[in-house]
Structure formats: structure tokens, C-alpha cells
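Undergrad: Prediction below, plus the sequence it came from.
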Amino acid sequence: MKIIIHGGFFSEFLQTKAIKQAKKAALQKIVLESYAYLKSHSALETVVFATKLLEDEPLFNAGLGSQIQSDGKIRMSASLMDGVSKKFSGVINIENVQNPILVAEKLLYFEDRVLAGEGANLFAQKQGFPYFNPETPERRADYKAKKAATNTGTVGCVALDTEGRLATATSTGGKGFEMPGRVSDSATIAGNYANEHCAVSCTGVGEDIVSAGIATKIVTRVTDGQTLEHAFQKTFQELATFDGFAGAIAIDYHGNIFYQESHPTMVFAAFDGEKITLFC
Ligand code: GLY
């Protein structure tokens, strides 16, 4: 049983020590709570559980406290992938829900599994997700000051359960100030991908993550026999050829955990039941 979560990037230039400490404490609490949940739930259920907790924490850029787009609206994206069934589901640019990852989870059992914009909003309403405004005063102040708030603080979780099943989930409020209609990597297979060999969740600049096809490339390389470490090295070398900005977390079938970032500093926490690795 293994779990790793991330909370995007931390910038020493844009953020204070107090925020850093608060993020660290939040990651530690969520990783431990999610590990406890994993003991009696599947990897799939657990990545949803952990991502919901991360979405509910306004320190991160997903769910509550998501960044505001250039037209003043919040649009969020989230996706889920089950390494066993190989089913991927997601919502792109959904509005006014508390937990985009729960809408993505609902879609996993439908034939049409990725919905965007108005279609995603209508689906959520029909499924009984109540209206929720994810805006916080801090994000509105950032918007008024015309700055992207927290760099690129997408959230994600990868888990391996007691039966060796892998799953991954990723959720984001986007990059802040983007054009309405811009599609994040977080609900694509570049940002979130899993099979029975490996599961990966990414954070960073969506355009770079898509250009490098990070999550799907790492999983494919591991599936074809590369070690997790080599798969990361090769994929991040390719990202570096255009100075792409990204980070990724992963677990393979053997329970190896790996993470890498192109630039400082991705914030994450991993727990294997004994040792907590906390990077913030
Ligand atoms: N990785 C989040 C985004 O660029 O939308």
C-alpha cells in the first residue's frame, strides 16, 4: 500500500514562509488521512477521497480557492483514471461545483466519460451536485490586482492499494487569467494517466505538460519495461528541450514511488505506512 499526493508548485518569490508551513501541514494531514482510508478502500476510491480533501483546502488551486480566469469566472478541470479498468473520466472547465473530482468520479460509470463546459455543468446539476461558488476573497483580491495567485498549484493523488491496484486523480483551477475556453492538461492523459503498471499525476504549465505528453509517456515507458526512474528521466529530458515547466508524481506496480520537477519547487507528500516524505 502506497500513496503520494501533490499540491502543485511553491514559489519562494510569490509566497510567504507562513503559506509554506500551512501547505506542509495540510499535505501531511491529508496524506495520513488518505493512507488510513486506503487500508479499507480501493486505490480508485482513495485517489478520489484524497483529491476531494485537497480541493477543499483553499491553499491549493483546485475546488475551493481556484484561480480566476481572465473574464472573472472560475472554471475547473479534474480527471480520474482507474489502472484496472483503464477507464478515464473527467470534467473540463466546469463551474459552480464544490468538488470537480466527484463529478469526474460519477462520469466513470457513464458511456460518455469526459464532459466540458456547459455539458459538464448540466451533468453535475442533473446528478444533484448543489450550486457552490468556489471563489475566496483571496483569489478575488489576486484577480483585482491582476496577478495569477499561487503559481500553478494543481493537486493530485496516486495510490496503490492492498490488492496491487493503481489509480490516479488530478484537479485544477487552471493557470489563472487564462482565456475562457483554454483546456488544462489536468483532464487529459498528458496530465493524468494510469494502467496496471504505473500511475502518474502532473502539475505545472498545462501547455508544456501536453506538449511533452508527460503522464502517458511515463506510464507507456514503464509498461514497455523501463524502470520508473528511467521513464521519468527520459520524459523530463524531452520536456527540457523546450524548457517546459512541470512536475509529476508516480507509483509503479512494485510500489516504487517517484517524483520529479523541471523547476523548483513541487510540493508533495508520500506515505508508505512507515515513512512520510514531505517536500515543501
Ligand atoms: N496544470 C494546470 C494547468 O495548467 O491548467
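TA: Right, received. Where do you want to start? Numbers count the residues shown, from 1 in each chain.
Undergrad: which residue sits closest to Lys234, ignoring its sequence neighbours?
TA: Of all residues beyond its chain neighbours, the one nearest Lys234 is Arg221 (6.4 Å), with distances taken as C-beta to C-beta, 6 or more residues apart in numbering. Bear in mind the C-beta positions are built from the backbone N, C-alpha and C, glycine included.
Undergrad: Distance check, the one you found against Gly65.
TA: Going from Arg221 to Gly65 by C-beta to C-beta, to the nearest Å gives 34 Å.
Undergrad: between these two, which one's more packed in?
TA: Gly65 (23 against 20; other C-beta atoms under 10 Å).
Undergrad: what helix or strand does the residue nearest to Lys234 sit in?
TA: For Arg221, the host element (DSSP states H and E) is helix 214-223.
Undergrad: what does Glu33 give?
TA: Secondary structure (DSSP H and E) places Glu33 in helix 17-38.
Undergrad: so how far does stretch 82-91 reach from one end to the other?
TA: End-to-end distance of stretch 82-91: 15 Å, with C-alpha to C-alpha, to the nearest Å as the criterion.
Undergrad: Quick one: distance of the helix or strand of the chain with the lowest mean pLDDT to the chain centre.
TA: Using mean pLDDT, DSSP states H and E, helix 137-144 stands out as the lowest-scoring helix or strand of the chain, at a mean of 90. Computed by C-alpha atoms, centre = their mean, to the nearest Å, the chain-centroid distance of helix 137-144 equals 22 Å.
Undergrad: How about that helix, which residues are buried there?
TA: Neighbour counts over helix 137-144 (16 or more other C-beta atoms under 10 Å) mark Arg139, Asp142, Tyr143 as buried.
Undergrad: Ok, stretch 130-138 next?
TA: Using 16+ other C-beta under 10 Å as the burial criterion, the residues of stretch 130-138 that qualify are Pro134, Glu135, Thr136.
Undergrad: In this structure the last one contacts Pro58, no?
TA: In this case it means Thr136. Yes - if you go by C-beta atoms under 8 Å, Thr136 and Pro58 touch, sitting 5.2 Å apart.
Undergrad: Show me whatever sits in contact with both of the two.
TA: Residues touching both Thr136 and Pro58 (C-beta atoms under 8 Å, 6 or more residues apart in numbering) are Leu64, Gly65.
Undergrad: circling back to that earlier point, test for you: state the pLDDT assigned to the residue nearest to Lys234.
TA: Note on Arg221: pLDDT of 98.
Undergrad: Who are the contact partners of it?
TA: Arg221 makes contact with His230, Ala231, Lys234, Thr235, according to C-beta under 8 Å, 6+ apart.
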